[in-house]
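Q: here's a sequence, model it:
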Amino acid sequence: MSEVDAVSEAAVEEQGAREEGATASGGDRKADPDALIDVRGLAKSFWLGLLKTKRVDAVRGVSFEVRRGEIFGFLGPNGAGKTTTIKMLTGLIAPTSGEAYLFGARVPSPEARRRIGFLPENPYVYPYLTPREFVTLCGRLSGMSGAKLDRRAMEVLEQVKVAYAADRQVRRLSKGMLQRTGLAAALVADPEMLILDEPMSGLDPVGRKEVRDLIFAERDQGRTIFFSTHILSDVEAMCDRVTILREGKVVVSGSLRQLLRGEVLRTDITLAHASDALKSALEEAGARVTRRADVTVVEVEGDARVRDTLEMALRSDAQVIEVTPRRETLEDLFLRDAL
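A: As a prediction, this is how the structure comes out:
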């Protein structure tokens, strides 16, 4: 059994133990108060066509949990069922089967919904409103009012770097600014948990960094962050745990520390002034040699043969520029288990 399989099996056993603690009535559950999201066997099917004769199983028996204070990544290729799952979590659509709980309350729950801030994948903002008006409207829908709401609306617009355009009609904003406006609306009611569907969509590299910093700051203030994204480098840099979907099913779930292999898979050695004789000798020794611009990159499996490779290079008067060990990345895990 592989390490990933062992982690996944342990997660299934833990999920079964949690289900035994559910109330017989199927309402609010008795469970760990730190499990803010608890999803059990969630499934959603759609019937397509005029006669509703074609069935599509978008989500098939998904189970996972999100714990208090963590940043949780929800991953999968296009069509894997991520957005459909999020819509069921937020009560926008009803599941075909299975259960989902927010803060211990079974979804849909108006009380639990008031405790979350939600950014959909494609936020719709009324085009003739300004960011200030839209965020204020969202605050009113959450029960806020008066001068406190006015101050809070400007605070979150400043937080997401849109305050300078607070009174510009949304239809005149770029996609990135629109995304930031939606994020401000998710923050305005000071929620305990943020559910963000593709929060980096439409942002340039600077904007992505600013949103990453904002997510870290929100986590440091005690908020729990659940977000779906295709940007694997962001997930690897930010998340405590992840769940990966494929064709509506969970294929991997667990902490990144447990899921990613810690050993060195290969080592890249960058050389300058490498002779043709040295390159041939390295290839005969089993290394992969690639020329890039004015340097040569030698790739060796693992790290056991790094010393021999370096000695060969130095004896040939090549200059060693860089030695880089390569461990498994989230992209490797994603491609291995989600494709």
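Q: only C-alpha atoms from now on, for both contacts and neighbour counts.
A: Will do.
Q: where are the low-confidence patches of the stretch 151-300 of the chain?
A: Confidence mapping of the stretch 151-300 of the chain against pLDDT under 70 gives the ranges 261-262.
Q: apply 90 and report the result again.
A: Low-confidence segments of the stretch 151-300 of the chain (pLDDT under 90): 173-179, 198-214, 229-238, 246, 251-267, 276, 279, 282-287, 291-294, 300.
Q: now do the helices in it.
A: Under the criterion DSSP state H, counting those that start in this stretch, helices of the stretch 151-300 of the chain are mapped to 175-187, 205-220, 232-238, 256-259, 276-284.
Q: mind putting the ones you listed in TSV, mean neighbour count and distance to residue 166 included?
A: TSV is the format used below for the helices of the stretch 151-300 of the chain (neighbours: other Cα atoms under 10 Å; distance: least, Cα to Cα, whole Å):
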stretch	mean neighbour count	distance to residue 166
helix 175-187	25	9
helix 205-220	16	17
helix 232-238	16	28
helix 256-259	16	38
helix 276-284	14	60
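Q: can you map out the strands along the stretch 51-200 of the chain?
A: Assigned strands in the stretch 51-200 of the chain, in chain order: 54-67, 71-75, 97-102, 105-106, 116-119, 193-197 (criterion: DSSP state E, counting those that start in this stretch).
Q: for residue 299, find the nearest of these.
A: strand 71-75 (29.9 Å; Cα to Cα).
Q: and this structure, what are its domains?
A: According to the TED database, the chain comprises the domains 35-260, 264-337.
Q: and the longest one, end to end?
A: Domain 35-260 has an end-to-end distance of 23 Å (criterion: Cα to Cα, to the nearest Å).
Q: okay, the residue nearest to residue 178 when sequence neighbours are not counted and residue 124: tell me how far apart.
A: Closest residue in space to residue 178, ignoring its immediate chain neighbours: residue 170 at 7.0 Å, by Cα to Cα, 6 or more residues apart in numbering. When Cα to Cα is applied, the distance between residue 170 and residue 124 equals 10 Å.
Q: more neighbours: which of these two?
A: Neighbours per residue, other Cα atoms under 10 Å: of residue 170 and residue 124, the larger number sits with residue 170, 23 against 11.
Q: for residue 308, grab the count of nearby residues.
A: Around residue 308 there are 11 other residues, counting by other Cα under 10 Å.
Q: contacting residues for it?
A: Residue 308 makes no contacts at all, as judged by Cα atoms under 8 Å, 6 or more residues apart in numbering.
Q: quick check, it in a helix?
A: Yes: in this structure, residue 308 lies within a helix as judged by DSSP: H, G, I helix; E, B strand; the rest coil.
Q: do you know the pLDDT at it?
A: According to the predicted model, the pLDDT of residue 308 comes to 88.
Q: quick thing: my sequence starts at 237, can you match it?
A: Done: numbering now begins at 237, and the last item shifts to residue 544.
Q: for the residue most central in space within the chain, name its beta-bridge partners.
A: The structure's the chain has its C-alpha centroid closest to residue 309; by Cα atoms, centre = their mean the separation is 3.1 Å. Counting by DSSP bridges, residue 309 forms beta bridges with residue 463, residue 478.
Q: just to revisit the earlier point, quick check, the residue nearest to residue 414 in contact with residue 365.
A: Yes: counting by Cα atoms under 8 Å, a contact exists between residue 406 and residue 365, whose distance comes to 5.9 Å.
Q: for stretch 284-294, measure first residue to last.
A: Terminal residues of stretch 284-294 are spaced 12 Å apart (Cα to Cα).
Q: quick one: buried residues of that stretch?
A: By neighbour count, with 16 or more other Cα atoms under 10 Å as the criterion, the buried positions of stretch 284-294 are residue 294.
Q: picking that back up, Provide a list of residues in contact with the residue nearest to residue 414.
A: Taking Cα under 8 Å, 6+ apart, we find residue 406 in contact with 361-367, 414.
Q: how about the helices of the stretch 387-536 of the chain, which one is nearest residue 377?
A: Among these, the nearest to residue 377 by Cα to Cα is helix 411-423 (10.6 Å).
Q: grab the nearest non-local neighbour of residue 357.
A: For residue 357, the nearest residue in space outside its immediate sequence neighbours is residue 433; the separation is 4.7 Å by Cα to Cα, 6+ apart.
Q: one more: residue 334?
A: By the measure of Cα to Cα, 6+ apart, the closest residue to residue 334 outside its immediate chain neighbours is residue 278, 4.1 Å from it.
Q: can you pull the buried residues of the helix or strand containing the one you found?
A: Under the assignment given by DSSP states H and E, the secondary-structure element containing residue 278 is strand 271-284. Taking 16+ other Cα under 10 Å as the basis for neighbour counts, the residues of strand 271-284 that come out buried are 271-280.
Q: over to stretch 491-509?
A: Using 16+ other Cα under 10 Å as the burial criterion, the residues of stretch 491-509 that qualify are 491-492, 495-497, 502-508.
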